[in-house]
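Participant: Give me the fold of what follows.
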Amino acid sequence: PFLLFYRGVRPNWHRSAWTSASVVAVVGTRYPTGNARREAYLLGAGFARLKVTVVSGLAYGIDAAVHRGVVDAGGVAVAVLGNGIDTVYPRANTRLARRIIAAGGAVLSEYGPGEAPLPYHFPARNRIIAGCARSTVVVEAPRRSGALITADFALENGRDLFVHRAGTYGANRHGAGELVSDGATIIDTADAVMRDWYGTNDKEECSEQMVGYDVTVRPT
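Facilitator: Numbers count the residues shown, from 1 in each chain. This is a model prediction of the structure:
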């Protein structure tokens, strides 16, 4: 986008410290199974423990669950909206957005104050979610899920793509299952993503490897 509005702490994508340079996007369906919702929460908490910033869309379902996991564990989250920066949609997640900001995170949007949450805003929003992160994790996604649009943007821009094991079975398995068939890596925990990135999930070793890592937000 030409311009991003933000509330909270402006993300510094170019700082070498791995607390900000390690960014992962976690997305999924608005209507998850109970198990996928629980695993999304645990995934968020796991990334918070590893000092990894988590980007998602603040929607119902997987997005809200992973954001809650991050803030409950004391981590940093970034929420990308599909509407004007002055309001939160869905309104039920307003308190969660406030918690994200209070914990040192941010709410981002390319839409200025007063812009309504129009349907076509959300696929466009997904390119920002994918573009902000080194990797995208799809927790659970049926066919035609918006999370699959985020996955496509991630692949188009050379990002790593992971699928949580919880999304590979059950009623909502089809979309995520197709990603796995196309080569996406299955993971169970945040530690598995760290091992894929650095060959270890030891925080000190990861920090050393992050020095100089370029996470420039490339245009999509």
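Participant: And the next helix or strand past the helix or strand bottoming out on mean pLDDT in the chain?
Facilitator: Here the helix or strand of the chain ranked lowest by mean pLDDT, DSSP states H and E is helix 18-21, holding a mean of 40. Using DSSP states H and E, the helix or strand that follows helix 18-21 towards the C-terminus is strand 23-27.
Participant: show me where this structure has helices.
Facilitator: Assigned by DSSP state H, the helices in the chain fall at 18-21, 34-49, 62-72, 94-102, 121-132, 146-156, 173-181, 190-198, 203-210.
Participant: quick one: contacts for the residue most central in space within the chain?
Facilitator: The residue lying closest to the centre of the chain (CA atoms, centre = their mean) is Ala25, at 2.4 Å. The contact partners of Ala25, taken as CB atoms under 8 Å, 6 or more residues apart in numbering, are 54-56, 129-130, 132-133, 135-137, 150, 154. Where C-beta positions appear, they are placed from N, C-alpha and C, glycine not excepted.
Participant: and it, what pLDDT?
Facilitator: Ala25 is assigned 97 on the pLDDT scale.
Participant: partner residues bridging it?
Facilitator: Val55, Thr136 (DSSP bridges).
Participant: re the thing from before, out of the helices of the chain, nearest to Phe5?
Facilitator: Phe5 lies closest to helix 121-132 among the helices of the chain, at 11.5 Å (CB to CB).
Participant: Show me what that closest one is packed up against.
Facilitator: In terms of contacts (3 or more CB pairs under 8 Å, 6 or more residues apart in numbering; DSSP states H and E), helix 121-132 is packed against strand 23-27, strand 53-56, strand 77-80, strand 106-109, helix 146-156.
Participant: how about a cut-off of 10 Å?
Facilitator: strand 23-27, strand 53-56, strand 77-80, strand 106-109, strand 135-138, helix 146-156 (3 or more CB pairs under 10 Å, 6 or more residues apart in numbering; DSSP states H and E).
Participant: what is the mean pLDDT for it?
Facilitator: For helix 121-132, the mean confidence score works out to 95.
Participant: Is it possible to get a markdown table of the helices and strands packed on helix 121-132 that adds distance to Phe5?
Facilitator: Converted to a markdown table, the helices and strands packed on helix 121-132 look like this (distance: least, CB to CB, whole Å):
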| stretch | distance to Phe5 |
| --- | --- |
| strand 23-27 | 19 |
| strand 53-56 | 16 |
| strand 77-80 | 11 |
| strand 106-109 | 5 |
| strand 135-138 | 23 |
| helix 146-156 | 20 |
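Participant: remind me which residues of this structure are low pLDDT?
Facilitator: Within the chain, the segments meeting pLDDT under 70 span 12-21, 200-220.
Participant: if you set the cut-off to 50 instead, what comes out?
Facilitator: Filtered on pLDDT under 50, the chain yields the residue ranges 16-21, 210-220.
Participant: check contacts around Ala59.
Facilitator: Ala59 sits next to 27-30, 67, 79, 81-82, 89-90, 93, 122, 125, 146-147 when contact means CB atoms under 10 Å, 6 or more residues apart in numbering.
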